[in-house]
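Trainee: The following block contains a protein sequence and its predicted model.
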Protein chains: 2
Amino acid sequence: MSVDLYQLTAPVFVHNLKNLSAILKKAAKSAKARGIEPAVLLNGRLAPDMFPLLRQVQIVTDNAKGCCSRLTGAEAPVFEDGDADFAQLNQRINDTIKFIKGLKKHQFPDNADDAIEMRVPIGVLHFNCEEYVKGWAFPNFYFHLTTAYNILRHNGVEIGKADFLGMVPGMTATGKIAKMMGLPQAKKKSKVAKKTKVARKGKNKTVKQAAKKTARK
Amino acid sequence: MSVDLYQLTAPVFVHNLKNLSAILKKAAKSAKARGIEPAVLLNGRLAPDMFPLLRQVQIVTDNAKGCCSRLTGAEAPVFEDGDADFAQLNQRINDTIKFIKGLKKHQFPDNADDAIEMRVPIGVLHFNCEEYVKGWAFPNFYFHLTTAYNILRHNGVEIGKADFLGMVPGMTATGKIAKMMGLPQAKKKSKVAKKTKVARKGKNKTVKQAAKKTARK
């Protein structure tokens, strides 16, 4: 069983947009607690010729709705790109989530190699759906999502990698980390191990690597 | 046809690692041209408690090889995490690419819902392969990739979105943009349009949206 275009995109965008929304709420609180005008954070940038936080967030929503709209042919909501406060950005994120959640699996192409096109002012870009998602939609989406996060970190907002990743869908844990991260306990180890073993029949030996500590980095 | 785990991961990591390598070469040139010690860029960070460029790049390679190793069970190369110059970082990226390119499609699980586990010092994280790639491997990979890029932009290195995206695999174009971006010309429009039409039979009307200009942002 492979990953279909719906599963590959819609729930991923929704999950990350929810994380972004929670991050922006923390940013608004941080501004208030530190006596900083929200506009200072919203206009923060990492370089003079990079977009400020405000625009990064707007583009993140555009990337998500644009991708789902192109894949399904469904008309995406249109948002004004002017000035906005934190509440308005969160509303835009919520509206994007609502649009994506309203799409049904059957609206997405069955074939990942179906053609897709993206019109730009001076021409048309052509891809197949798979290459579009992997080489255009995801890199752009994560680029602006991470840059929004980085602008806030650069401005002293106390957020960390856990905020960026959110509660990873389907992730469970065993050991101390389960309690520490508030994760659901994995099923009995023996069952999971058995499933893993079956899954890897004929594959190379599983390498169990210790994950690097990258919290808040 | 859906996207299998091999196609979803291996070529995506290779493509983005090549882009990162090209970006680091530009950074090294920029440092030289501006009379800046390379170590200044390599130790640049966006916040005091975030990792510097050097470590971001190391983590990007760890994310890529770690994901492919976990999915296939193949043993990944081990890299030293100490100090490094630009040439050594590029060597590490090249070694990671070599490892991933050496993996065969049949080594990856056929079923995206096969169980996978990641050992950390205080426990084990459990996912199925699909959720692991979508909710852990990709967000982490793109996070550190984008942060590496952002550190360089923050330090005045002249790179742009085109460097980050690279030459998107499978992307072609029609119109002025093809020449401007040095892209392959798309097949005759009629053929592409026909394919698109067939693909979208029974779907909603295609919405052709103008892409936002996000170059160098």
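Mentor: In hand now; what should we look at? Residues are numbered from 1 along each chain as shown, chains lettered A, B, ... in the order given.

Trainee: can you give me the strands in chain A?
Mentor: A:115-120, A:123-128, A:172-174 (DSSP state E).

Trainee: Where does pLDDT dip in chain A?
Mentor: Scanning chain A for pLDDT under 70 picks out A:188-217.

Trainee: still on that earlier bit, can you add distance to A:Gln107 and give the strands of chain A back as CSV?
Mentor: Quick note: C-beta positions are derived from backbone N, CA and C, even for glycine. Formatted as CSV, the strands of chain A follow (distance: least, Cβ to Cβ, whole Å):
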stretch, distance to A:Gln107
strand A:115-120, 14
strand A:123-128, 18
strand A:172-174, 31
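
Trainee: Dump those into JSON lines; add mean neighbour count and distance to chain B as well.
Mentor: Listed next are these as JSON lines, based on neighbours: other Cβ atoms under 10 Å in any protein chain shown; distance: least, Cβ to the nearest Cβ, whole Å:
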{"stretch": "strand A:115-120", "mean neighbour count": "21", "distance to chain B": "4"}
{"stretch": "strand A:123-128", "mean neighbour count": "22", "distance to chain B": "2"}
{"stretch": "strand A:172-174", "mean neighbour count": "20", "distance to chain B": "5"}
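
Trainee: out of those, nearest to B:Leu103?
Mentor: Closest approach to B:Leu103 among those is made by strand A:123-128 (22.9 Å; Cβ to Cβ).

Trainee: Report all helices and strands that that closest one contacts.
Mentor: Packing contacts for strand A:123-128, counted by 3 or more Cβ pairs under 8 Å, 6 or more residues apart in numbering or on different chains; DSSP states H and E, involve strand A:115-120, strand B:172-174, helix B:176-181.

Trainee: Of these, which is nearest B:Trp136?
Mentor: Of all these, strand A:115-120 sits nearest to B:Trp136, with 26.9 Å by Cβ to Cβ.

Trainee: quick one, the closest one and strand A:123-128 angle?
Mentor: Orientation check (axes from the mean of the first three to the mean of the last three Cα atoms, to 10 degrees): strand A:115-120 against strand A:123-128 gives 160 degrees.

Trainee: Could you list every helix and strand that strand A:115-120 packs against?
Mentor: helix A:53-72, strand A:123-128, helix A:129-132, helix B:189-199.

Trainee: How many neighbouring residues does the residue nearest to A:Ala84 when sequence neighbours are not counted have?
Mentor: Excluding its sequence neighbours, the residue lying closest to A:Ala84 (Cβ to Cβ, 6 or more residues apart in numbering or on different chains) is A:Leu54, at 6.0 Å. Using other Cβ atoms under 10 Å in any protein chain shown, A:Leu54 is surrounded by 24 other residues.

Trainee: quick one, what contacts A:Glu158?
Mentor: Residues counted as contacts of A:Glu158 (Cβ atoms under 8 Å, 6 or more residues apart in numbering or on different chains) are A:Lys26, A:Ser30.

Trainee: what angle separates the longest helix belonging to chain A from helix B:5-33?
Mentor: Across chain A, the helix with the greatest residue count (assigned by DSSP state H) is helix A:5-33. With the same axes, to 10 degrees applied, the angle from helix A:5-33 to helix B:5-33 works out at 40 degrees.
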